[in-house]
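Chemist: Got a sequence here, can you build the structure:
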Amino acid sequence: MKTITLIGAPIEEGSGRRGAGMGPTALRIAGIDTVLAELGHTVTDEGDLKPVPARDLAKHPGANNLQTVAAFARALDEAVHDTARKGNIPIILGGDHALSMGSVSGMARHAHEVGRPLFVLWLDAHADFNSPVTSPSGNMHGMPVAFFCGEAEFAPILPRDRPLVDPKRVYQVGIRSVDAREREEIAEHGVNVFDMRTIDEMGMAHIIRQIVDEVRAANGLLHVSLDVDFMDPELAPGVGTTVPGGATFREAHLIMEVLCDSGLVSSLDVVELNPFLDDRGKSARILVELTASLFGRRILDRPTRAA
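Modeler: Modelled structure (predicted):
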């Protein structure tokens, strides 16, 4: 059994719309702590981070709400690093995907200290490899992958000499919406992209097992970042960036069960849940079920939900 620390990150300023800040509360209401405890894990909820905006940073015309996003990045970098250093598994309850600027950076520091490479599994409809130079909107929830790979150093959000993630150790699964300039950046830096066509042609099981094998061969740590819009919006409507044609319920659970079997997952983000857009908590409940699968619940153990 594992020792898990829940860290709330009620950030919505990276997304350009309101609502994702309620995500951590919705995940708690859906029972994420109870479900993990029922599986036998030791669960501690550290509550929500409430950082003061980073006034030391000047506002940036291509990075909306930079001061608030930077404050969350710094707070999460510290909280996640401290949690991992103690041997616990941090689960970050989001909040929009800009939070991964801090969570992945914190895990990269920990991985560097223990002498193991960090791999990132990015379950998302979007590649999030923009910078202020390439982003059409300036919304920072589209920049975290470029940031933790060291390709978006437009402001001193975190130290420049921090450990970074090698783009070739980033696996993006479920991608189906990529900006034109972003596509060029991904190809140039060697990010591993498995879009929905690739999934249809190769099969989800083959792809995830291939990723697991590569992480295991390198004795790596694996950070999983799960965006609600990874799944089809018919299944999980509670997100502000819906893209049709996402992963099915069965595919998402298969990923989590294979990852659980691997024993490689060291940290998890659950992001972009917007309860204001959800259907009676449907998306929140699905995210909790997927988290349960990642930490040991099997299909035969899942209780039948009331209609």
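Chemist: give me the low-pLDDT residue ranges for the chain?
Modeler: Across the chain, the ranges flagged by pLDDT under 70 are 299-307.
Chemist: Contacts only, for Pro156.
Modeler: Taking CB atoms under 8 Å, 6 or more residues apart in numbering, we find Pro156 in contact with Leu57. For the C-beta atoms, the positions are set from N, CA and C on the backbone; glycine is no exception.
Chemist: That one: which element?
Modeler: Counting by DSSP states H and E, no helix or strand carries Pro156.
Chemist: any idea how far Asn192 is from it?
Modeler: 29 Å (CB to CB, to the nearest Å).
Chemist: repeat for Ile91
Modeler: Between Ile91 and Asn192 the distance is 24 Å, computed by CB to CB.
Chemist: out of these two, which sits in the busier spot?
Modeler: Under the neighbour definition other CB atoms under 10 Å, Ile91 and Asn192 were set side by side, and Ile91 has more, 27 against 20.
Chemist: All the strands of the protein, residue numbers only.
Modeler: Assigned by DSSP state E, the chain shows strands spanning 3-9, 42-48, 89-94, 118-123, 170-175, 192-195, 221-227, 265-271.
Chemist: Thr5: neighbouring residues, count only.
Modeler: Per other CB under 10 Å, the neighbour tally for Thr5 reads 21.
Chemist: Who is it paired with across the strands?
Modeler: Beta-bridge pairing for Thr5 (DSSP bridges): Thr44, Pro90.
Chemist: same check, this time on the one 4 residues further on
Modeler: Partner residues in beta bridges with Ala9: Gly94, with DSSP bridges as the criterion.
Chemist: Identify the residues contacting it.
Modeler: Shown in contact with Ala9 (CB under 8 Å, 6+ apart): 24, 48-49, 72, 76, 92-95, 99, 102-103.
Chemist: for Asp128, same thing?
Modeler: Asp128 makes contacts with 97, 100, 122, 141-146, as judged by CB under 8 Å, 6+ apart.
Chemist: Dump these to a markdown table, plus neighbour count and distance to Pro10.
Modeler: What follows is the contacts of Asp128, written out as a markdown table (neighbours: other CB atoms under 10 Å; distance: CB to CB, whole Å):
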| residue | neighbour count | distance to Pro10 |
| --- | --- | --- |
| His97 | 31 | 14 |
| Ser100 | 32 | 15 |
| Trp122 | 30 | 22 |
| His141 | 31 | 14 |
| Gly142 | 27 | 19 |
| Met143 | 29 | 19 |
| Pro144 | 32 | 17 |
| Val145 | 31 | 22 |
| Ala146 | 28 | 23 |
